[in-house]
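A.B. asks: Give the three-dimensional model of this entry:
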Amino acid sequence: MRLSSKPTCRVVRPGSTYAGKQGLNYFEGIAAETVGSTGICMHLLTIPPGGRAKAHLHASHETAIYAISGETHCWFGDQLEEHVIVREGEMFYIPAGVPHLPANLSDQPATAVIARTDPNEQESVVLLPDLERYVPR
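C.D. replies: So this is what the prediction gives:
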């Protein structure tokens, strides 16, 4: 019997996590590695109270975020000079190549759905350690 190589629909039940280059743990979701996607990845991220990512950007790939619960501060721009707070029920867009650093400054977890136009979730992550000093701890 020959197995078909035709793409098909798949259900993913987020369960296991993986450590991202950004310094946070992500729930495994839709990606080239899990379902064979070719143009998108989507996963869940919960930032614990006081947690923060490393300064980074996603080379050549856009990011869309939907905040499920909590609130997340995000510094962005060439020197992380811009700041926004993304609250439960809001969406946030990050263009390709824009440096950013999200953090949860509250005492409650913050959970979001994150989608990128990079199907290989970690391949386009570029860490920017020189920008770390611009964001308060």
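
A.B. asks: All the strands of the protein, residue numbers only.
C.D. replies: 17-19, 25-30, 41-47, 56-58, 63-69, 71-76, 82-87, 91-94, 100-103, 110-116, 125-127 (DSSP state E).

A.B. asks: Point out where this structure drops to low pLDDT.
C.D. replies: For the chain, the stretches with pLDDT under 70 are 1-4.

A.B. asks: let's see 50
C.D. replies: 1 (pLDDT under 50).

A.B. asks: For residue 5, find the nearest of the strands of the chain.
C.D. replies: strand 25-30 (19.1 Å; Cβ to Cβ). (Each C-beta comes from the backbone N, C-alpha and C, glycine too.)

A.B. asks: Show me the contact partners of the closest one.
C.D. replies: The set of residues external to strand 25-30 that reach it, using Cβ atoms under 8 Å, 6 or more residues apart in numbering, is 12, 14-20, 34, 37, 40-46, 114, 121.

A.B. asks: before we move on, back to that, may I see the strands of the chain arranged in TSV, with mean neighbour count and distance to residue 7 as well?
C.D. replies: Below are those laid out as TSV (neighbours: other Cβ atoms under 10 Å; distance: least, Cβ to Cβ, whole Å):
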stretch	mean neighbour count	distance to residue 7
strand 17-19	13	24
strand 25-30	18	13
strand 41-47	21	16
strand 56-58	22	25
strand 63-69	17	22
strand 71-76	20	33
strand 82-87	14	33
strand 91-94	15	27
strand 100-103	23	32
strand 110-116	20	19
strand 125-127	15	26
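
A.B. asks: Neighbours of the residue lying closest to residue 107 once chain neighbours are set aside, how many?
C.D. replies: The shortest distance from residue 107 to any non-neighbouring residue, by Cβ to Cβ, 6 or more residues apart in numbering, is to residue 49 (4.8 Å). Applying other Cβ atoms under 10 Å, we find 12 residues neighbouring residue 49.
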